[in-house]
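Asks: sharing a sequence plus its predicted fold:
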Amino acid sequence: MNYRLQLVRILLPALLLSTPLRAQDASQYARIDSVITSLVTEQAVAGVKALLWQQGEVIYSHSEGFQDLAAKVPITDSTLFRIYSMTKPVTSVAALMLVEDGVLALQDPVANFIPAFGGTELYDRDAPDRRVPSPREITIFHLLTHTAGLTYGLFSNTAVDSLYWAHQVWSPGTLDEFADRIAGIPLLYAPGTDWHYSVATDILGRVIEVVSGQPLSQFFSERILEPLKMHDTAFSVPKERIGRLSMLYSPCSDGALAAVDGGPDSDFAAPVERMSGGGGLVSTPEDYLSFARMLLNGGSLDGVTLLQPTTVALMTQDHLESGPDAAWGFGLGFEVILDPEGLGDPGVAGTYGWSGAANTFFFIDPQSELIGLFFVQRRPFDKNRFLHPFKEAVYESLR
C-alpha cells in the first residue's frame with residue numbers, strides 16, 4: 001500500500017477528533033492546529049493534547065493522533081500522561097504548604113530531617129580521591145532552587161555523576177533509602193554556589209514525608225490533589241485505568257516511533273515503592289490545568305486555598321544570584337523567564353513553568369492571565385522541537 005495513503009488511513013480517525021473548543025475561533029487558532037498536525041503527520045510524536053486557558057475560560061482544546069499507534073487508540077480527554085519533572089512544582093507547593101503550616105522553614109538544614117545529610121562533603125576537583133567538608137549545610141531553600149550541590153547522575157559527565165552510577169542510587173528501594181544513598185556521595189559544589197538540575201526535589205519529597213508523617217502520595221492526595229479535584233493524578237495507574245495510559249515512544253534509527261513503555265507491563269502499572277517527588281506522577285492536561293490555575297490565582301481555586309498569595313509570589317520570582325543564563329532564572333520550583341528576547345522565547349517576562357522528560361510542558365503568563373499546556377509522550381526531551389513552536393503559535397494566535 002502507498003505509504004502516504006496508509007498514513008492518512010491511520011491518522012484520519014484521530015484527526016477527526018481534533019477540534020478547537022469554539023468553532024467561531026477556528027481560524028484564530030489555525031496556526032496552533034498546523035503545528036500540532038505537522039508533528040503528528042511527520043511522526044515526530046504519536047499524539048498530542050494541548051490546552052489554553054485565559055481569563056477565566058478554556059479558549060483552546062485540541063487532541064490529535066494516538067495514545068497507542070499499534071492499536072490505533074486515539075488521544076482523548078481521558079488519556080493519561082507521564083509528566084515526569086512536572087511533578088517538581090507539585091512537590092514544591094507541598095513543601096511551601098508545610099512552611100505556611102509553621103512546621104518547616106526555608107532556612108532549615110536538610111540534616112534536621114534526614115540525618116545522613118549532616119557533615120556533607122565536597123568533591124575536590126584538584127584531588128579526585130580527596131573529600132573536603134562543605135562550608136555550609138544544604139537547606140530547604142537550596143533544594144527548592146536546585147542550588148544544593150546535588151546532581152542527577154543521568155545527564156552530565158562530571159565525576160560526581162559517575163559516583164551516582166557507581167553507588168547505584170537509582171536501584172530499587174524506598175525514598176528513605178534513596179535519600180541516604182545520595183547523602184553518602186560528595187556534593188558537586190558548595191550549597192548556594194550555583195544552579196544545577198538535580199535530585200533535589202526527590203530529597204525534598206523525603207523531607208515532606210518526615211515532617212508530615214505521611215507517605216508522599218498520601219500528603220499529595222489529601223492536601224493537593226483531592227482539594228483541586230485532580231482525580232487522575234497519581235504515582236501509579238490502577239488496573240482499571242491502565243488502558244487510558246498513553247504508550248511512551250522513542251524514535252528508532254529509521255525515524256519510526258517505537259513504544260518503550262505502556263500497557264499492563266508499564267512501569268506505572270505497579271504500586272510504587274519509591275515515590276519520586278522529582279518525576280513520578282501521571283496526570284492529564286485537565287488535571288494539571290487546575291494546579292496551574294491555582295498558582296495563577298495566587299494559591300486558591302474554587303474556594304480551596306493551598307497557599308497564600310505572598311507565598312506564590314515568592315515561588316514565582318527569580319532567586320538565583322548568578323543563574324545559568326541571564327535570560328532566565330529559577331524560583332522555588334519553577335523556571336522564570338527574565339528576558340524573553342535574549343532567550344529566544346515568544347512569551348513575556350515573568351512567565352513561569354516547567355517541563356517533563358517525555359515532552360510535557362506548562363507555562364503560566366500572569367500578565368496575559370494565560371496558561372498553556374502541551375502534552376506528548378516521546379523521549380528524548382527536546383524543548384526546541386516541541387515547546388517553542390507551540391508557544392510561538394500560541395502568541396501569534398493571540399495577537
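Replies: Everything's here; your move.
Asks: list the helices and strands the strand or helix carrying Ser217 packs on?
Replies: Assigning secondary structure by DSSP states H and E places Ser217 in helix 216-220. Applying 3 or more Cβ pairs under 8 Å, 6 or more residues apart in numbering; DSSP states H and E, we find helix 216-220 packed against helix 87-101, helix 200-212. Placement of C-beta: from N, CA and C, glycine included.
Asks: packing partners of the first one?
Replies: Same thing as helix 87-101. helix 140-145, helix 200-212, helix 216-220, helix 285-296, helix 309-315, strand 352-356.
Asks: please look at Lys49 and Tyr288 and confirm they touch.
Replies: No. With contact defined as Cβ atoms under 8 Å, Lys49 does not count as touching Tyr288 (10.6 Å).
Asks: who touches both of those two?
Replies: Taking Cβ atoms under 8 Å, 6 or more residues apart in numbering as the criterion, Lys49 and Tyr288 both touch Leu373.
Asks: so this structure: which segments form each domain?
Replies: As assigned by automatic domain parsing, the chain contains the domains 3-79+236-271+316-398, 104-217.
Asks: how long is the last one from one end to the other?
Replies: Just to be clear, that refers to domain 104-217. Domain 104-217 has its terminal residues 19 Å apart, counting by Cα to Cα, to the nearest Å.
Asks: and that domain, average pLDDT?
Replies: The average pLDDT within domain 104-217 is 93.
Asks: cool, the first one as well?
Replies: Per-residue pLDDT values across domain 3-79+236-271+316-398 average out to 88.
Asks: what's the offset of it from the middle of its chain?
Replies: Mean C-alpha position of domain 3-79+236-271+316-398 versus that of the full chain (Cα atoms, centre = their mean, to the nearest Å) differs by 12 Å.
Asks: for the last one, same thing?
Replies: The chain centroid and the centroid of domain 104-217 are separated by 19 Å, computed with Cα atoms, centre = their mean.
Asks: same question, stretch 296-303
Replies: For stretch 296-303, the distance to the chain centre is 20 Å (Cα atoms, centre = their mean).
Asks: what does it contact?
Replies: So stretch 296-303 is contacted by 228, 290, 293-294, 305-309, 311-313, 364, 366, 369, 371 (Cβ under 8 Å, 6+ apart).
Asks: buried residues of it, list them for me.
Replies: 296, 298-301 (16 or more other Cβ atoms under 10 Å).
Asks: re the thing from before, just name the most buried of the helices and strands packed on helix 216-220.
Replies: For those, average neighbour numbers computed from mean count of other Cβ atoms under 10 Å are highest in helix 200-212, which has a mean of 25.
Asks: contact partners of it?
Replies: Here helix 200-212 makes contact (Cβ under 8 Å, 6+ apart) with 87-88, 91-92, 94-95, 98, 103-104, 110, 113-114, 140, 142-144, 146, 148, 150, 175-176, 178-179, 182, 215-216, 219, 275-279, 333.
Asks: now that helix against helix 87-101, angle please.
Replies: Our comparison of helix 200-212 with helix 87-101, counting by axes from the mean of the first three to the mean of the last three Cα atoms, to 10 degrees, yields an angle of 30 degrees.
Asks: show residues contacting stretch 118-138.
Replies: 109-111, 117, 148-150, 159-160, 163, 183, 186-192.
Asks: find the nearest non-adjacent residue to the residue nearest the centre of the chain, please.
Replies: When Cα atoms, centre = their mean is applied to the chain, the residue found nearest the centroid is Met86 (1.5 Å). In space, and not counting its chain neighbours, Met86 is closest to Gly356: 4.4 Å by Cβ to Cβ, 6 or more residues apart in numbering.
Asks: please report how far the one you found lies from Arg82.
Replies: Gly356 sits 7 Å away from Arg82, taking Cβ to Cβ, to the nearest Å as the criterion.
Asks: who has more neighbours, these two?
Replies: Neighbour count, other Cβ atoms under 10 Å: between Gly356 and Arg82, Arg82 has more, with 27 against 24.
Asks: dig out what the more buried one forms beta bridges with.
Replies: Judged by DSSP bridges, the bridge partners of Arg82 are Val282.
Asks: wait, doesn't it sit right on Asn359?
Replies: No. Under the criterion of Cβ under 8 Å, Arg82 is not in contact with Asn359, lying 10.3 Å apart.
Asks: identify the contacts common to the two.
Replies: Common neighbours of Arg82 and Asn359, using Cβ under 8 Å, 6+ apart, are Gln377.
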